[in-house]
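Engineer: Fold the stuff below for me.
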Amino acid sequence: MTQVSGSSHLIAATELIAREANGDQRPVNVRIYSAEPDPLSDNGDMRCRIEFTGILEPYYTYGIDSLQALGLAFASLRREFDLLEHEGWEFFHPEDDSEPMPFAFVYCGDESACPWPLDELDDELDDALDKVES
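Structural biologist: Predicted coordinates for the structure are as follows:
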């Protein structure tokens, strides 16, 4: 396992090719690390590091415990993919750039098969991120 800081270890990763609307391509590595104590919290809050190299700066999601921090990490990453796809980005498997892989497909098989109400998840994530930012 790859250790980042403190007790955080790599728990999920993928390599993709990202293509901008103008056709420029770049490799992207997406990584989520295990929850670790938030060093700024006096309440035992936890955080998970997310890396989206090649497009975004690394950032953290925060939760009152490790499960919430991890859940928000996956939800936040899904939201990042949604926003980037909306801006015209497409994501491809490194060995096959013939068809883009929409993130909902990567995450659920296809959006109609997703067991979660995606619109509700987006609303919940927006609310949680608003609380973190304020």
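
Engineer: What pLDDT does the model give the residue nearest the centre of the chain?
Structural biologist: In the chain, the centroid-proximal residue (Cα atoms, centre = their mean) is L77; its distance is 1.8 Å. Note on L77: pLDDT of 88.

Engineer: Y33 is in contact with that one, correct?
Structural biologist: No - using Cβ atoms under 8 Å as the test, L77 is too far from Y33 to be in contact (11.8 Å). Just so you know, the C-beta spots here come from the backbone N, C-alpha and C atoms, and that holds for glycine as well.

Engineer: for the chain, which spans come out with low pLDDT?
Structural biologist: Along the chain, segments meeting pLDDT under 70 span 1-7, 102-134.

Engineer: secondary structure class for the residue nearest to the centre of the chain?
Structural biologist: When classified by DSSP: H, G, I helix; E, B strand; the rest coil, L77 comes out as helix.

Engineer: which ones are touching it?
Structural biologist: L77 sits next to 30, 32, 50, 52 when contact means Cβ atoms under 8 Å, 6 or more residues apart in numbering.

Engineer: can you rerun that using 10 Å?
Structural biologist: Counting by Cβ atoms under 10 Å, 6 or more residues apart in numbering, L77 touches 12, 30-32, 48, 50-52, 56, 61, 103, 107.

Engineer: And T61, by the same measure?
Structural biologist: Residues in contact with T61 (Cβ under 10 Å, 6+ apart) are 32, 35, 46-50, 68-77, 125, 128-129, 132.

Engineer: Now it: closest residue in space, sequence neighbours ignored.
Structural biologist: With Cβ to Cβ, 6 or more residues apart in numbering as the measure, L72 is the residue that lies nearest to T61, at 4.0 Å, once sequence neighbours are left out.

Engineer: A strand includes the one you found, no?
Structural biologist: No - secondary structure assignment (three-state DSSP) places L72 in helix, not in a strand.

Engineer: Hmm, G63 and it touching each other?
Structural biologist: Yes - counting by Cβ atoms under 10 Å, L72 does reach G63; the two are 5.7 Å apart.

Engineer: which ones are touching P27?
Structural biologist: Applying Cβ under 10 Å, 6+ apart, one finds that P27 lies in contact with 15-18, 53-54, 94.

Engineer: just the buried members of those residues?
Structural biologist: Buried members of the contacts of P27, scored by 16 or more other Cβ atoms under 10 Å, are 16-18.
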